[in-house]
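> Sequence first, predicted coordinates after that:
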Amino acid sequence: MRCSWSARACALGLALLAAPRALAQPAPLELDLERAVRMTLELSPEVRRAALEVTFREGQLREASGTFDTVLLARTTGGYVETELDPDSLQQELQRREGLFALAQTFAKLRDDIADRIAKRQFQPPICPPGFTSVRIEREAESEFGLDQPMCIPVGLGTNTPEGLSSRALAAILAPPGADLTGISSQLRDILGLPTDDRITELEQLAQEQLERSQRIAGLVADRTALALERLGLVPETEFRNTLALELRFDKPFRNGSLVGLEARLSGQEVNYVGKALDPAFGGLGLENEFRSGFHLAFLQPLGKGRGSVSAQAAEKAAGFSLEGSRRRHEHRQTEQVLATVQAHIELVAAQESLALLEQSVASQRAIFEAMQTLVKVGERARTELTRSQAGLSDAETGAAQARIAVLAARSELARVVGLDAAKAGVGPTARGSFPDALVELPDVEALLRQATQARLDLRAAEQEEQAATVAFDAARADLKRRIDLSLRVGAVSDYRSPFFRVLRDEFINDPNEPPGTPVDFYDPKGFWRSLTDKYLPEIRFQIAFDIPFGNNAARGRLERSQQSLRQSNIQTRDLARVIRENVAELGASLRSARAEVEQLRRAVREQDATWKTAMELQRAGELSLVDTLLTEKDLTSARLRLVGAQRTYASTLARLRFEAGTLVRFEAGRPVGFDLTGLPSPS
């Protein structure tokens with residue numbers, strides 16, 4: 001068998017012709033043109049992919065619009081940081097312990113000196129330790145009883161001052177070392193016959209009590225100081241910071257570039273030496289646990305780059321244009337698939353009609369062959385004419401076989417375009433309908449040219465994409481300018497400091513400077529509540545930030561890239577409009593030529609049909625040779641096949657012209673609501 005079609009079509013046809021009849025496919029689906037178009041829009045993978053692209057662009061627009069959504073931010077942060085003490089803090093803690101040690105040693109020595117004077121009945125205060133000018137107990141009760149005398153005498157007063165020198169001289173005259181002034185005074189009073197002076201005894205007793213009290217006080221100070229030093233412990237080496245913060249924030253960005261935020265914040269903090277209690281008496285750092293609460297209103301306004309409105313809206317605007325472009329692309333893709341379906345249906349109708357004509361030719365050739373067999377048997381025709389008739393029948397059967405392969409290939413192509421599953425559709429559907437007898441009026445090409453630039457969906461999509469590129473270019477040009485931002489933060493803040501956790505609460509006397517209430521940890525809700533209910537003070541901050549990029553290559557690169565993208569979009573849009581106009585003009589002229597060819601071939605077919613009828617009558621009468629009869633039948637079949645080809649070209653050109661002009665499919669709200677299928681194959 002000869003095969004002038006493609007290798008794939010030949011292989012398909014030969015395989016089907018060779019298949020057993022028992023494995024014949026079920027009755028194929030029969031589709032008219034409108035049903036095939038609607039099935040294409042439902043099943044075509046290309047249409048579904050374009051729809052997914054629209055959904056993808058919708059997601060991009062939603063994402064870009066989400067930049068201006070009100071955002072509620074709830075955040076909890078906690079931390080523990082441990083650091084080494086700086087040299088100044090270490091020196092301070094060391095001096096603190098050295099001072100306590102020196103003080104304990106000093107008062108211990110003072111206590112011992114006083115005890116020694118009491119034992120020797122020397123009731124004068126001892127010399128003060130180095131570094132002390134005076135140690136005096138000043139209380140109202142002691143002043144009334146004369147017990148407010150100094151515990152010790154400064155070194156200068158006992159050595160190098162006039163008062164000191166006079167005091168020591170009188171003491172040496174009246175009371176030389178080792179003299180018992182009390183006994184001498186009593187003997188003198190007995191000799192002179194004077195009464196006993198009780199005031200001297202009282203003064204001595206008062207001086208002794210004063211020294212005994214000073215001894216107790218010095219011992220108490222020495223013991224307390226030694227105890228304080230023991231409680232402080234070793235010098236710390238590191239300190240830690242515990243923090244806990246709760247933050248609630250509302251942010252509302254605006255499309256003009258500004259941002260307004262409302263913030264509420266609670267925080268707790270503990271700072272202390274590692275290994276030490278919070279009580280300063282036991283080596284703590286001496287910082288209370290601090291709780292802070294605040295409410296703020298924040299405002300950010302860009303001042304540079306066009307106040308930020310161009311850049312802020314760029315992503316959303318570009319996404320909106322891209323979405324509209326993808327919608328027009330989706331509609332155009334549907335129109336393309338409709339055109340592909342129309343052309344595939346036209347090809348199948350033409351293949352089916354060609355097959356019908358060739359099968360009719362086979363039937364005619366077979367009738368001639370059978371009639372010739374009868375005439376040869378009776379001796380009225382020569383056997384050579386029977387051979388010629390058999391050759392004509394073989395040629396007709398070969399043409400019919402090739403037409404069947406063409407029909408199978410056209411059915412397969414229609415199934416592919418429509419999107420039918422090969423397992424369900426088999427080879428493919430058949431076409432219901434035929435080429436109409438009435439030809440549509442030739443459209444006004446000039447009107448179509450004007451309409452095409454407005455109706456073509458791919459041109460609308462290109463214009464939307466150009467708008468998106470323009471937005472990106474404007475944003476890149478605005479970003480090239482210097483950034484200047486003004487931020488303002490206004491609010492009220494309350495601080496609360498918790499009392500220390502005392503190791504020995506019974507030894508603590510309330511300090512009027514220490515906060516009231518029970519101590520709380522830095523994470524305790526009671527501390528946060530106390531800060532919330534405490535006194536609030538205003539807090540206002542403003543900031544102006546600007547940048548001066550050297551070179552600004554990033555912004556310049558974005559500008560150049562967006563500029564080239566915009567130029568490419570401009571070129572593509574203009575080139576597409578030019579191609580559309582050229583295609584409409586070319587297809588308008590081709591449609592006029594195709595219409596003229598159809599009309600001419602229809603006349604030729606009518607003439608060939610009349611000739612064939614005459615030839616049949618002459619052949620039956622024996623007045624026309626077999627060769628002439630065969631040639632007449634072939635001419636008629638050839639004319640009919642050429643007419644089918646011309647009708648196919650006319651219908652295909654008409655469909656392409658409507659596609660180029662944007663009138664093939666009509667859309668409303670993104671959905672196809674009508675198809676212009678007039679003049680195309682329709683059900684009989």
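Yep, it's here.
> residue ranges of the strands in the chain, please?
30-31, 71-84, 238-253, 259-273, 290-302, 430-431, 484-497, 537-546, 665-668, 671-675 (DSSP state E).
> Pick the most deeply packed of the ones you listed.
Mean neighbour count (mean count of other CB atoms under 10 Å) peaks for strand 430-431 among the strands of the chain, with a mean of 22. Bear in mind the C-beta positions are built from the backbone N, C-alpha and C, glycine included.
> next one: that one to chain centre, how far?
Relative to its chain's centre, strand 430-431 lies at 51 Å (CA atoms, centre = their mean, to the nearest Å).
> Could you pull up the mean pLDDT of it?
For strand 430-431, mean pLDDT is 88.
> So which residues make contact with that strand?
28-33, 36, 345, 348-349, 352, 410-411, 414, 681 (CB atoms under 8 Å, 6 or more residues apart in numbering).
> So what are the sheet partners of it and their directions?
Sheet pairing of strand 430-431 (DSSP bridges) gives strand 30-31 (parallel).
> in the stretch 101-250 of the chain, which segments are predicted with low confidence?
Where the stretch 101-250 of the chain drops to pLDDT under 70, the residues are 123, 131-151, 155-201, 203-204.
> For it, which segments count as helices?
Taking DSSP state H, counting those that start in this stretch as the criterion, the stretch 101-250 of the chain contains helices spanning 140-144, 162-174, 181-191, 198-232.
> do you know which of the strands of the chain lies nearest residue 612?
Evaluated over the strands of the chain, closeness to residue 612 peaks at strand 430-431, with 27.2 Å, by CB to CB.
> Spit out the contact partners of the residue nearest to residue 303 when sequence neighbours are not counted.
Leaving aside its sequence neighbours, residue 303 sits nearest to residue 484 (CB to CB, 6 or more residues apart in numbering; 4.2 Å). If you count contacts by CB under 8 Å, 6+ apart, residue 484 has them with 302, 303, 304, 544, 545, 546.
> same deal with residue 609?
residue 636.
> what does the model give it for pLDDT?
Listed pLDDT for residue 609 reads 86.
> next one: the one 3 residues further on
According to the predicted model, the pLDDT of residue 612 comes to 81.
> again, but for the one 4 residues further on
In the predicted model, residue 616 carries a pLDDT score of 77.
> count of neighbours near it?
Per other CB atoms under 10 Å, the neighbour tally for residue 616 reads 17.
> Tell me the spacing between it and residue 363.
Here the criterion is CB to CB, to the nearest Å. By it, residue 616 lies 13 Å from residue 363.
> again, but for residue 587
38 Å.
> So those two - more neighbours on which side?
Neighbour count, other CB under 10 Å: between residue 587 and residue 363, residue 587 has more, with 22 against 13.
> rewinding a little: with distance to residue 45 added, can I get the strands of the chain in JSON lines?
Shown next, in JSON lines, are the strands of the chain (distance: least, CB to CB, whole Å):
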{"stretch": "strand 30-31", "distance to residue 45": "18"}
{"stretch": "strand 71-84", "distance to residue 45": "40"}
{"stretch": "strand 238-253", "distance to residue 45": "40"}
{"stretch": "strand 259-273", "distance to residue 45": "45"}
{"stretch": "strand 290-302", "distance to residue 45": "47"}
{"stretch": "strand 430-431", "distance to residue 45": "22"}
{"stretch": "strand 484-497", "distance to residue 45": "50"}
{"stretch": "strand 537-546", "distance to residue 45": "52"}
{"stretch": "strand 665-668", "distance to residue 45": "18"}
{"stretch": "strand 671-675", "distance to residue 45": "17"}
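> For residue 581, find the nearest of these.
Closest of these to residue 581 is strand 665-668, at 20.1 Å (criterion: CB to CB).
> Can you name every helix or strand that the closest one contacts?
helix 309-378, strand 671-675 (3 or more CB pairs under 8 Å, 6 or more residues apart in numbering; DSSP states H and E).
> hey, which of these is tucked in deepest?
helix 309-378 (a mean of 21).
> can you give me the angle it makes with strand 259-273?
Put simply, helix 309-378 runs at 120 degrees to strand 259-273, going by axes from the mean of the first three to the mean of the last three CA atoms, to 10 degrees.
> shaky segments in the stretch 301-450 of the chain?
The model of the stretch 301-450 of the chain has pLDDT under 70 over residues 306-307, 380-382, 422-425.
> Check the spacing between the closest residue to residue 592 other than its chain neighbours and residue 80 real quick.
In this structure, residue 592 finds its nearest non-sequential neighbour in residue 442, 5.9 Å apart by CB to CB, 6+ apart. Here residue 442 is placed at a distance of 88 Å from residue 80 (CB to CB).
> now residue 379
Computed with CB to CB, the distance linking residue 379 and residue 80 is 124 Å.
> residue contacts, residue 252?
68, 70, 71, 259, 260, 261.
> Out of these, which is nearest to residue 583?
For these, the nearest to residue 583 is residue 68 (43.0 Å; CB to CB).
> quick one, what contacts the closest one?
Contacts of residue 68 by CB under 8 Å, 6+ apart are 252, 253, 254, 255, 316.
> Kindly recompute the last result at 10 Å.
By CB atoms under 10 Å, 6 or more residues apart in numbering, the contact list for residue 68 reads 252, 253, 254, 255, 259, 312, 313, 316.
> so can I have a markdown table of those showing distance to residue 227?
Formatted as a markdown table, those follow (distance: CB to CB, whole Å):
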| residue | distance to residue 227 |
| --- | --- |
| 252 | 61 |
| 253 | 62 |
| 254 | 65 |
| 255 | 70 |
| 259 | 59 |
| 312 | 67 |
| 313 | 72 |
| 316 | 72 |
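> and of the residues you listed, the nearest to residue 497?
Closest to residue 497, out of all of those and judged by CB to CB, is residue 259, at 33.8 Å.
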